[in-house]
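J.: all I have is the shape, not the residue letters:
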């Protein structure tokens, strides 16, 4: 039996977490979806239960998405990562390449786009 793909959604805006969880559940691929309000909470959750895909906002109090990505990539170098930002992906292009980020999405993110990008990012995730 294949293990469920685990997605961790991190954003300091509760509405975005709610919408993202709802959109991802409707994909009907049996994903396990966990949310966190900031990088520190996400790191704790990911250390207990690893994830296959991280979807994170970049600007959050305490620990932002870039630092969170660095820390989680140390635990799982194969982690797929999607960044979301209201400040323009062009401002973090270099870090995204260095950290092997799958995509950076400018907020507000269209629901159809998030569905498409998540499915693409998870297309080749293997669970042996």
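T.: Done, it's in. Fair warning: this is a prediction, and the values are worked out from it, not measured in the lab. Numbering: from 1, shown residues only.
J.: what segments of the chain are strands?
T.: 6-10, 32-36, 53-57, 80-85, 103-106 (DSSP state E).
J.: so what's residue 58 up against?
T.: Neighbour list for residue 58: 64, 65, 66, 83, 84, 85, 87, 92 [criterion: Cβ atoms under 8 Å, 6 or more residues apart in numbering]. C-betas here are computed from N, CA, C, even on glycine.
J.: number of residues surrounding the fourth one?
T.: For residue 83, the count of nearby residues is 24 (other Cβ atoms under 10 Å).
J.: thought it was touching residue 109?
T.: No - Residue 83 is not in contact with residue 109 according to Cβ atoms under 8 Å; the separation is 10.6 Å.
J.: what's opposite the most centrally placed residue in the chain in the beta bridge?
T.: Note on the chain: the residue nearest the mean C-alpha position is residue 55, at 1.4 Å, using Cα atoms, centre = their mean. When assigned by DSSP bridges, residue 55 has beta-bridge partners residue 9, residue 82.
J.: let the chain start at 51 from now.
T.: Fine by me, first position is 51 from now on; the one you just mentioned is residue 105.
J.: my guess is it contacts residue 70. True?
T.: Yes - with contact defined as Cβ under 8 Å, residue 105 counts as touching residue 70 (6.6 Å).
J.: can you check which residues contact both of the two?
T.: Residues within reach of residue 105 and of residue 70 at once, by Cβ under 8 Å, 6+ apart, are residue 59.
J.: in this protein, mark out all the helices, start to finish.
T.: 64-75, 89-98, 115-125, 143-148, 161-172 (DSSP state H).
J.: how many neighbours does the nearest residue to residue 86 once chain neighbours are set aside have?
T.: Spatial nearest neighbour of residue 86, excluding adjacent residues (Cβ to Cβ, 6 or more residues apart in numbering): residue 92 at 3.7 Å. Neighbours of residue 92 under the rule other Cβ under 10 Å: 26.
J.: and the end-to-end length of stretch 68-83?
T.: 11 Å (Cα to Cα, to the nearest Å).
J.: can you list the low-confidence ranges for the protein?
T.: Low-confidence segments of the chain, defined by pLDDT under 70: 51-53, 176-178.
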